[in-house]
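Trainee: Have a look at this fold, sequence not included:
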């Protein structure tokens, strides 16, 4: 399946490619090439942490989502896009999965998926 690079209008996404047709309104750049993905910033210059590193009850703003195209698509469909506030609700007794609240909805995701989401705690 051919893909296209994630559009420049979605800062913070670090996926290699996204399958065509999954981003409504996305346009292909002239010349057929994909748009550049925002380069990763050094995590040391900010308080940015992995979502899985937060403690229950803490909150943060999604800054970057990385991973394979299928995972990126799933997380974006759930609402994990840069600039979105997220609350870490609790961790399962064995440590996995974790429960999060995003835009008023509760989600459970694997810790390995939460490791692909960078947040700025607040």
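Mentor: Okay, I see it. This is a predicted model, so every value here is computed, not measured.

Trainee: Next up, the contacts around the residue nearest to residue 110 when sequence neighbours are not counted.
Mentor: Excluding the flanking residues, the one nearest residue 110 by Cβ to Cβ, 6 or more residues apart in numbering is residue 97, at 5.3 Å. Just so you know, the C-beta spots here come from the backbone N, C-alpha and C atoms, and that holds for glycine as well. Residue 97 makes contact with 108-111, according to Cβ atoms under 8 Å, 6 or more residues apart in numbering.

Trainee: In those residues, which residue is surrounded by the most others?
Mentor: Neighbour tally across the contacts of residue 97 (other Cβ atoms under 10 Å): the maximum, 21 neighbours, falls on residue 109.

Trainee: longest single helix anywhere in the protein?
Mentor: Determined from DSSP state H, the single longest helix within the chain is helix 69-78.

Trainee: Just the buried positions in whichever helix or strand comes after that helix, please.
Mentor: Later in the chain than helix 69-78, the nearest helix or strand by DSSP states H and E is strand 85-91. Buried residues in strand 85-91, counted by 16 or more other Cβ atoms under 10 Å: 86, 88, 91.

Trainee: can you redo these as CSV with pLDDT?
Mentor: Conversion of the buried residues of strand 85-91 to CSV gives the following (pLDDT from 0 to 100):
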residue, pLDDT
86, 97
88, 97
91, 95
